[in-house]
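1. task: produce atomic coordinates for the following.
(one chain, ligands or ions: 1)
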Amino acid sequence: MSNLGSNLDDLYREIILDHYRSPRNRGELESPPAIRVEGFNPLCGDEIVVYLDVEDDVLKNIKMVGSGCSISQSSASLMSAAVKGKTLAQVRETVATFKQLMTVRESTLAHDGESPKVDLRALGELAALQGVIKFPVRIKCATLAWNTLTQGLDELT
Ligand code: ZN
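-> Below you'll find the model as predicted:
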């Protein structure tokens, strides 16, 4: 974390630490009816269990428990805050945008408004995780919760 921290600007580091220390939507939902999905990142030892309560194509509630590095856990918290209450279509869109952020080259981030591939403003607090792309081994930490969420959404169809 120290290497990563020194390369992120203060605001982004603050957001990540805040979500790590005070994770949003922490806990469990009764399953069933909630969908329960487990994710594991063997490279780092990160674990996550995601609970999804879906009704009428809306993600009414999301809860999660997990353990692991600050990137994996803060990314999970940021994700839960970003997708809770959204329609499933909006959730999938947010997932796609975040995945894009994790695969894009730094030079294509929309800081200067020059032919942006990823609109950082549309990502809100999720943009705080952009620094992760400088550390490829950490990308699996950051995307763990997102892949687990996707797995849960796929179980619906
Ligand atoms: Zn990790």
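
2. contacts, neighbours, all on C-alpha from now
-> Fine.

3. average pLDDT for the lengthiest helix in the chain?
-> Assignment by DSSP state H gives helix 136-156 as the longest helix of the chain. Helix 136-156 shows a mean pLDDT of 94.

4. other residues contacting it?
-> Helix 136-156 is contacted from outside by 35-41, 43-44, 46, 48-50, 52, 69, 71-72, 75-76, 79, 92, 95, 99, 102, 129, 132-133, using CA atoms under 8 Å, 6 or more residues apart in numbering.

5. tell me the secondary structure at residue 54.
-> strand (DSSP: H, G, I helix; E, B strand; the rest coil).

6. contacting residues for it?
-> Per CA under 8 Å, 6+ apart, neighbours of residue 54: 34, 60, 61.

7. and the last one, what element?
-> So that's residue 61. Per DSSP states H and E: residue 61 is located in strand 58-67.

8. so how far is whichever helix or strand comes after that strand from its chain's centroid?
-> Next helix or strand after strand 58-67 toward the C-terminus (DSSP H and E): helix 70-83. In this view, helix 70-83 has its centroid 4 Å away from the chain centroid, taken as CA atoms, centre = their mean, to the nearest Å.

9. which strands and helices sit next to helix 70-83?
-> Secondary-structure packing of helix 70-83 (3 or more CA pairs under 8 Å, 6 or more residues apart in numbering; DSSP states H and E): helix 10-21, strand 58-67, helix 88-103, helix 136-156.

10. nearest to the ion, of those?
-> helix 136-156 (4.1 Å; CA to the ion).

11. is any part of that closest one close to the ion?
-> Yes. Using CA under 5 Å from the ion, helix 136-156 reaches the ion at residue 141.

12. buried stuff in that helix?
-> Neighbour-count burial for helix 136-156 flags 138-153 (criterion: 16 or more other CA atoms under 10 Å).

13. thinking again about what came up before, now the buried members of the contacts of helix 136-156.
-> 35-41, 46, 48-50, 52, 69, 71-72, 75-76, 79, 92, 95, 99, 102, 129, 132-133.

14. residues from the chain in reach of the ion?
-> 44, 69, 141.
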